[in-house]
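Engineer: Predicted model, plus sequence, below.
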Amino acid sequence: MKILIVAPRIPFPIEKGDKLRLFHQIRFLSQRHEIVLVGLTESPDDNLKPLLQICSAVYPIFLEKWRIAVNLLRAPGRGLPMQVGYFYSRQIKSQIQQIIFKHNPDVIYTQLIRSAMYTRNLPFPKVIDFMDCFSLNTERRAKQSSLLDRWFWHWEGRQVRRFEKHCFFDYDAQVIISEFDRSSMPLHGKHRMHVIPNGIDTEYYQPQSKASKRVDVLFAGNMGYYPNIKAAQYLIQEIKPLIRESYRWQIAGARPDPKVRRLAAPDIEITGWVEDIRTAYAEAKLFVAPIREGAGLQNKILEAMSMGVPTITTPTVNNSINGIPGEHLILAETPEEFKDAICRLLEDGAYYLQIAENGRNFVRNHYQWNLFNEKLENLLVHVGQSNES
């Protein structure tokens, strides 16, 4: 079967959750199907070699800075949320649809509502991956913002909710990353959505016993992403001052925002891009992720747990992971609770090892890429074949 994928980003290099998800899906699907990938990019120098090895064709479409500015200015007049308008251009739509009709795919797989304007009205069998409940994400951000920003995010939240509802019925099937995100969708037909989580390569992310544990507390992720910026600030500005011990702290991840860079201190390392993120996990005693905003499944939590690094995070994050608090990971909501959890794990060796082992076993037993990608494959095949008959 020929599957044509339209994505708002070329899924390589893998430094964002949506890229990680799509890259592993393509790699699996390409074993039995022909994959044509169309993706937007803001960098003309993307390394396409890993994708060309698993796709029959890859079409990177360059999104210039000036075009993004124009797109954003036009978005309100088009009735589009800003995060959809950012990626939408009529010229690019024409370009993408020419590619689609040229390849005449059996099914189109659209990643995120950010790509929906390019595929929603096409006469092909179609599946959309909402991935996260973006309206929930914007609502949470509004609650955490200043007065002026709050007005914008409330407006954006209304636009996103409206767009999610409209997109839902334009596709033959819909996918989302977790049961929690599905239940949060503002849709009457949300029970029809297929929950397909992300997996973890537990052979790749495995404990490294020989690594020196030079970092006491690690937080990692895309450090240009707003929920991660807020989490890093909360970790260093709210939690760290409560701890008297001289611990070593590290914030690791691509594109650190200036607000993150300003957190650097003699005992706080801001790494920026890490070539192999496993090095950061392996050198850390604890992974602490005080994420209170955002939606979806947090891959970094699963990666840390898979590598045997005891993890402390929030109930918000665990809503999608569904680990057992106190057994697979530790949950905290206030700076004091985070402080107590950090100190207990670093001081109680037996409890530390128990959480490390239980966390790894939990990920290994519940988050396997092949299982979830088989579910996606079956859905795409079903949609493609149903429209033939």
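Structural biologist: Yes, it's here.
Engineer: Any buried residues in stretch 138-150, and which?
Structural biologist: Buried residues in stretch 138-150, defined by neighbour count with 16 or more other CB atoms under 10 Å: T138, E139, R140, R141, A142, S145. Yep, even glycine has a C-beta here, placed from its N, CA and C like the rest.
Engineer: before we move on, what about stretch 202-217?
Structural biologist: T202, Y205, V215, D216, V217.
Engineer: just to revisit the earlier point, rebuild the buried residues of stretch 138-150 as a markdown table, extending it with distance to W273 and pLDDT.
Structural biologist: Converted to a markdown table, the buried residues of stretch 138-150 look like this (distance: CB to CB, whole Å; pLDDT from 0 to 100):
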| residue | distance to W273 | pLDDT |
| --- | --- | --- |
| T138 | 27 | 89 |
| E139 | 31 | 86 |
| R140 | 27 | 82 |
| R141 | 25 | 84 |
| A142 | 30 | 85 |
| S145 | 28 | 80 |
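Engineer: Redo those residues as a markdown table? Include distance to A265 and secondary structure.
Structural biologist: Converted to a markdown table, these look like this (distance: CB to CB, whole Å; DSSP: H, G, I helix; E, B strand; the rest coil):
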| residue | distance to A265 | secondary structure |
| --- | --- | --- |
| T138 | 33 | helix |
| E139 | 34 | helix |
| R140 | 29 | helix |
| R141 | 27 | helix |
| A142 | 31 | helix |
| S145 | 27 | coil |
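Engineer: now, among those residues, which is nearest to W66?
Structural biologist: Of all these, T138 has the smallest distance to W66: 25.8 Å, by CB to CB.
Engineer: So which elements touch the strand ranked longest in the chain?
Structural biologist: Ranked by residue count and defined by DSSP state E, the top strand of the chain is strand 34-41. Here strand 34-41 touches strand 2-7, helix 17-29, strand 57-62, helix 90-103, going by 3 or more CB pairs under 8 Å, 6 or more residues apart in numbering; DSSP states H and E.
Engineer: measure E203 to P227 for me?
Structural biologist: Using CB to CB, to the nearest Å, we find E203 at a distance of 29 Å from P227.
Engineer: and what of K65?
Structural biologist: Where P227 is concerned, K65 sits at a distance of 24 Å (CB to CB).
Engineer: Quick one: end-to-end distance for stretch 207-220.
Structural biologist: Start-to-end span of stretch 207-220 (CA to CA, to the nearest Å) is 17 Å.
Engineer: List the contacts of the one helix or strand W155 maps to.
Structural biologist: Using DSSP states H and E, W155 falls within helix 147-168. Residues from elsewhere that reach helix 147-168 (CB atoms under 8 Å, 6 or more residues apart in numbering): 79-84, 113, 116, 120, 128, 130, 133-135, 138-139, 141-143, 145, 174, 185-187, 189.
Engineer: So for it, mean pLDDT?
Structural biologist: The average pLDDT within helix 147-168 is 92.
Engineer: Please, where are all the helices along the stretch 251-389 of the chain?
Structural biologist: Per DSSP state H, counting those that start in this stretch, the stretch 251-389 of the chain carries helices over the ranges 258-261, 277-282, 299-306, 315-321, 335-347, 349-366, 369-386.
Engineer: out of these, deepest packed?
Structural biologist: Stretch with highest mean neighbour count among these: helix 299-306 (a mean of 26; mean count of other CB atoms under 10 Å).
Engineer: How far away from the center of its chain is that one?
Structural biologist: Distance, stretch centre to chain centre, for helix 299-306: 12 Å (CA atoms, centre = their mean, to the nearest Å).
Engineer: Quick one: mean pLDDT over it.
Structural biologist: pLDDT averaged over helix 299-306 gives 95.
Engineer: which helices and strands does it pack with?
Structural biologist: Helix 299-306 packs on strand 215-220, helix 277-282, strand 284-289, strand 311-313, helix 315-321, helix 349-366, going by 3+ CB pairs under 8 Å, 6+ apart.
Engineer: List of residues touching the fifth one?
Structural biologist: Where contact means CB under 8 Å, 6+ apart, the residues beyond helix 315-321 that reach it are 140, 177-181, 197, 289, 291-298, 301-302, 325, 329, 331, 333.
Engineer: Can you say which of these are buried?
Structural biologist: 140, 177-178, 180-181, 197, 289, 291-298, 301-302, 329, 331.
Engineer: Report the buried residues of stretch 164-181.
Structural biologist: Of the residues in stretch 164-181, those buried (16+ other CB under 10 Å) are 164, 167-168, 171-178, 180-181.
Engineer: Now intersect the residues you listed with the helices, please.
Structural biologist: Of those, the ones assigned to helices by DSSP state H are E164, C167, F168, F180, D181.
Engineer: Let me have those in CSV, extended by distance to I268.
Structural biologist: CSV is the format used below for these (distance: CB to CB, whole Å):
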residue, distance to I268
E164, 38
C167, 42
F168, 44
F180, 32
D181, 33
